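Peer 1: Sequence first, predicted coordinates after that:
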Amino acid sequence: MPSIFSRIVSGELPAYKVAEDADHLAFLDITPLVEGHTLVIPKREVDYIFDLPPAELAALHQFAQRVAQAVREAVPCKRIGVAVIGLEVPHAHIHLIPMNRVSDMNFANPKIKVAEARMKELAAAISAKLPPEAEASAQGQATEPAPDSKAARESSKAKMPSSDDAPASDAVMDQLQTMTKGLFYMSESDAPLEAVSYAAPEGELTDAALLRLLGQPDGTPVETKELTVFLRNHTADNGVLNNVELANRFKALQMFMKQELQETKVYRIGKGPQIQTFALGKTEEGKLAGFKTVLTET
């Protein structure tokens with residue numbers, strides 16, 4: 001029997017559509033957590049999102065990125081939260097949720113009721129803010145699926161940037177960008193994870209060398225932690241948000257960094273209340289790659 005979402009795709013069931021292309025569809029959730037809560041699906045019915053072939057999974061996320069930009073423009077919020085639950089409907093889908101606080105992403109919260117007129121208004125507003133496909137395509141050029149093996153990566157001629165301010169096309173960096181997208185580190189506040197890459201300094205990565213690399217003043221305190229310790233609250237069975245899918249994403253990120261990078265460590269730079277934090281390891285090409293975030297400690 002076709003899923004509810006397949007019946008929406010075929011036109012058998014109505015939906016408040018906000019975006020569509022040949023392979024994907026986005027529409028408002030009719031039992032939302034907050035106004036603007038949007039679902040993004042592949043038109044082809046696949047039960048489990050990670051059963052999608054890599055190219056289709058990447059295309060789905062690129063489409064979702066375009067929709068998320070529109071939702072954020074149309075619905076006032078700090079961030080667009082991303083969630084994949086996969087238990088409600090046997091059809092792969094991504095939740096895009098406008099959020100101003102962590103609790104906005106809690107699926108245990110009571111669902112809200114939104115009047116039909118307001119749903120139509122939201123759908124029209126989001127559709128009107130969609131960036132052109134060409135623009136979204138250009139933004140996504142650096143996130144093509146990474147090769148599946150180290151041998152394939154060794155044959156790649158892509159180069160990493162000297163800092164995280166420049167785009168990277170290296171396979172490891174591409175994978176980090178995909179894996180960190182939509183993840184937040186929860187301390188006393190929440191901060192996004194952002195994939196970064198740097199040209200590694202010659203010799204040992206001392207605290208002084210790290211500070212110079214990151215443009216921090218000499219003598220700034222540096223504290224080092226193991227990646228597994230740093231992420232342990234997020235990789236627990238249900239994670240800090242009691243969300244299995246998010247916990248599994250953090251586990252996958254941790255495993256990737258420990259397997260694909262050498263000497264991976266977490267560096268806490270400076271003192272509170274906000275501490276710049278970098279998780280970095282060496283690539284096979286001798287670069288530094290990983291992610292950065294901000295801890296809030298008072």
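Peer 2: Yep, that arrived.
Peer 1: Relative to Gly286, how far out is the most centrally placed residue in the chain?
Peer 2: Nearest to the mean C-alpha position of the chain, by CA atoms, centre = their mean, lies Lys181 at 1.4 Å. Counting by CB to CB, to the nearest Å, the gap from Lys181 to Gly286 is 26 Å. Every residue, glycine included, has its C-beta placed from N, CA and C.
Peer 1: so who does the closest residue to Ile49 other than its chain neighbours touch?
Peer 2: Among residues not flanking Ile49 along the chain, Ala92 sits closest, at 3.9 Å (CB to CB, 6 or more residues apart in numbering). Going by CB atoms under 8 Å, 6 or more residues apart in numbering, Ala92 touches 41-42, 46-49, 51-52, 60, 86.
Peer 1: Repeat the analysis, applying 7 Å as the threshold.
Peer 2: 41-42, 46-49, 52 (CB atoms under 7 Å, 6 or more residues apart in numbering).
Peer 1: again with Ala208
Peer 2: Ala208 neighbours (CB under 7 Å, 6+ apart): Asp218.
Peer 1: In the protein, which helix is the longest?
Peer 2: helix 54-74 (DSSP state H).
Peer 1: which helices and strands sit right next to the host helix or strand of Thr178?
Peer 2: Take DSSP states H and E as the rule and Thr178 turns out to sit in helix 171-180. In terms of contacts (3 or more CB pairs under 7 Å, 6 or more residues apart in numbering; DSSP states H and E), helix 171-180 is packed against strand 194-198, helix 244-260, strand 288-296.
Peer 1: now for those, which one comes closest to Ser127?
Peer 2: helix 244-260 (27.4 Å; CB to CB).
Peer 1: Buried residues in that closest one, which are they?
Peer 2: Residues 245-251, 253-254, 256-257, 260 are the ones in helix 244-260 that count as buried (16 or more other CB atoms under 10 Å).
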